[in-house]
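Colleague: this is a predicted model, with the sequence first.
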Amino acid sequence: MAQTWRQEVQESQDIQGLPGDVAINDVAINDVAIDDAAIGVATGQTAVQSATHAISRHRTSIGIVSLALAVVALAIVEGLILRSNTADHVAEMRLILAAGARWAAFVPAAYTIAVCFSAVVAVPVIVVLLGVIWAVTRSAGQMLRGLAMAALPMAVVGLIKTIVDRPRPSTARGALMPDPSFPSGHTACSVVVVSLALFALHVIDARIKDSRGLAGTAVQSSQSPRSPLVWRVLRTVLTVILVVVPFVVALSRVIYGVHYPTDVCTSLVLTPVLVWCVYRLCDPAR
């Protein structure tokens, strides 16, 4: 009888425990549902953020391309107007003759500058700069970015030359030039070379900062306090020199008598804009 009574009590306790177990299971199921909902919300937020970033990136790209096209269109219109405007031609010829007479001693240096920024010299220099960029970054994307910065602006300048087809100045040296005058190819080439050199300085600077950061994390005492200052001074001096180079090249082309002032001024404005547009559009991180 006692054993039977115990079994009945046990069964009664088991039966009374069922609602609690069911409640616990329901809570567990609700927790899983909440977790699934949270994951769904997080996934949705990530998708929205990705879509927003993609839209912003595309808008930026469209804006950059629009800027490049607008600048190219303005340059073509300017060149066509200059080609047909006799008064501007006469005024610019006076400037060319005055510059040649005033800085006649600078003519040999102008010839040297012309050789330095011809294709024979500039192309190997560009190849070396691209090699430096690759060696520092070990990134094919950054090297191709630099290649695009060099090739695309020069191709656009060549296209504008063909469309505008402005004759060279009526000087002894200008008559020997086989290609059109507007815009200045040598000035554009100097901007491209300088831009690549500045790009190389930028990646070298980033590499130095990264290496110093790693060294500072590992061994604080191994840092050299003078190295950053020396590098910053050197980088600043090189940057100033490089920025001045295209202006010197532009002036030399006018003194040498092979370009109108508007040819070189257009290249000084057009080429940096094109290089910047390519630099932004070809960013591997985009």
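Modeller: Thanks, I have the structure now.

Colleague: contacts and neighbour counts: CA atoms only from here.
Modeller: Will do.

Colleague: next, count neighbours for Ala68.
Modeller: Neighbourhood size, Ala68 [other Cα atoms under 10 Å]: 20.

Colleague: do Pro153 as well
Modeller: Neighbours around Pro153, by other Cα under 10 Å: 25.

Colleague: what strand or helix carries it?
Modeller: Using DSSP states H and E, Pro153 falls within helix 140-164.

Colleague: following that helix, which helix or strand shows up next?
Modeller: Where DSSP H and E defines the elements, the next helix or strand beyond helix 140-164 is helix 185-218.

Colleague: other SSEs contacting that following helix?
Modeller: Applying 3 or more Cα pairs under 8 Å, 6 or more residues apart in numbering; DSSP states H and E, we find helix 185-218 packed against helix 119-137, helix 140-164, helix 226-255, helix 261-281.

Colleague: so how far is it off the chain centroid?
Modeller: 12 Å (Cα atoms, centre = their mean, to the nearest Å).

Colleague: can you give me the buried ones in it?
Modeller: 185-201, 203-205, 208, 212 (16 or more other Cα atoms under 10 Å).

Colleague: quick check, pLDDT for Gln223.
Modeller: Looking at Gln223, its pLDDT is 50.

Colleague: over to Arg145?
Modeller: For Arg145, pLDDT reads 95.

Colleague: what backbone torsions are found at the closest residue to it other than its chain neighbours?
Modeller: Take Arg145 and drop its neighbours on the chain: the residue closest to it by Cα to Cα, 6 or more residues apart in numbering is Cys282, 5.4 Å away. Torsion angles at Cys282 (phi, psi; degrees, to the nearest 10) stand at phi -100, psi 20.

Colleague: go on, Pro284?
Modeller: Note on Pro284: backbone dihedrals following degrees, to the nearest 10 are phi -60, psi -20.

Colleague: would you agree it is in contact with Gly141?
Modeller: Yes. Using Cα atoms under 8 Å, Pro284 is in contact with Gly141, at 5.8 Å.

Colleague: where does the stretch 51-200 of the chain have low pLDDT?
Modeller: By pLDDT under 70, the low-scoring segments of the stretch 51-200 of the chain are 51-57.

Colleague: any idea how many residues pack against Ala155?
Modeller: The local packing of Ala155 (other Cα under 10 Å) involves 11 other residues.

Colleague: how much space between it and Met149?
Modeller: Applying Cα to Cα, to the nearest Å, the value for Ala155 to Met149 is 11 Å.

Colleague: also Leu281?
Modeller: Distance of Leu281 to Met149, given as Cα to Cα: 10 Å.
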